[in-house]
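> Build me a model from this:
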Amino acid sequence: MKKILTRGGVELIAVVLGITLSLWVDDKRELSIIEKNNVKTLQSIKNEVRLRIDYIERKINQYQRDIEVGEYVIKNWNNIDFDSIASKTKNDRSIVLTLKAYRAINLPVSIYNSLNSDGSIAKLDQDSIKVILNNLYEVFPAHIIDGVENERVLYHSFNEFIINNYPRIVEDGIGELEKNDYKKFFNDDIVLGYVLEKTHLRKFILRLITNYHNRLINLEGML
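Next up, the predicted model:
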């Protein structure tokens, strides 16, 4: 009887150990899969962060150029040399378009959105990374968009003013009539007010995107 009980106890222990070992193997396999998926998730995010860095660097250059033109106009107000200002803008936007228009900012976001939708972001085991991602994909871009929206509103107002008061100012075909309009344009204090406000907004947005660029660089180094 004792032998039967002993044999039964050994078999029970073997079964329990087998189940425990099986569960441990399953857990290890699941953890390994999660870790591999997390590595893939972070690598995908890193690739998109690099796209954002490159994109923001182009925007920084564009904003610096627009600010330079605005500052030139402000500094030389009532004494604008038409040929000089035309040469500053010939490789990108025209003079008036440079002064009035805004730069739309559309950050690459498709990879993050996909990973967020399928739950991959939530499965990351580093809470600090998830907080940083939320800040860099949700919080900080919202501030940038607000700044761009303010400039967009100012653009529409400035554009309407130009259409109503200086309809002959165009990008091409600048003749004597257009030059006369440009001369009046660059002596109109309302125009100066718009240029001052546009330049102020652009400097504000440039500070935002430069700070954002630095944060992206830091995140890239962490991934």
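
> can you pull out the helices in this structure?
Per DSSP state H, the chain carries helices over the ranges 2-75, 82-89, 95-100, 110-117, 127-134, 140-165, 176-185, 189-222.

> Could you export those as JSON lines, including mean neighbour count?
In this view, the C-beta of every residue, glycine as well, is placed from N, C-alpha and C. Output for these, formatted as JSON lines (neighbours: other CB atoms under 10 Å):
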{"stretch": "helix 2-75", "mean neighbour count": "13"}
{"stretch": "helix 82-89", "mean neighbour count": "14"}
{"stretch": "helix 95-100", "mean neighbour count": "20"}
{"stretch": "helix 110-117", "mean neighbour count": "15"}
{"stretch": "helix 127-134", "mean neighbour count": "14"}
{"stretch": "helix 140-165", "mean neighbour count": "15"}
{"stretch": "helix 176-185", "mean neighbour count": "14"}
{"stretch": "helix 189-222", "mean neighbour count": "17"}
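
> For these, give me TSV that also has mean pLDDT.
Putting the helices of the chain into TSV (pLDDT from 0 to 100) gives the following:
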stretch	mean pLDDT
helix 2-75	76
helix 82-89	75
helix 95-100	90
helix 110-117	94
helix 127-134	92
helix 140-165	96
helix 176-185	79
helix 189-222	96
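
> per-residue pLDDT, Glu138?
You'll see Glu138 listed with a pLDDT of 93.

> Relative to Leu107, how far out is it?
Look at Glu138 and Leu107: by CB to CB, to the nearest Å, they are 11 Å apart.

> which of the two has more neighbours?
Leu107 (20 against 11; other CB atoms under 10 Å).
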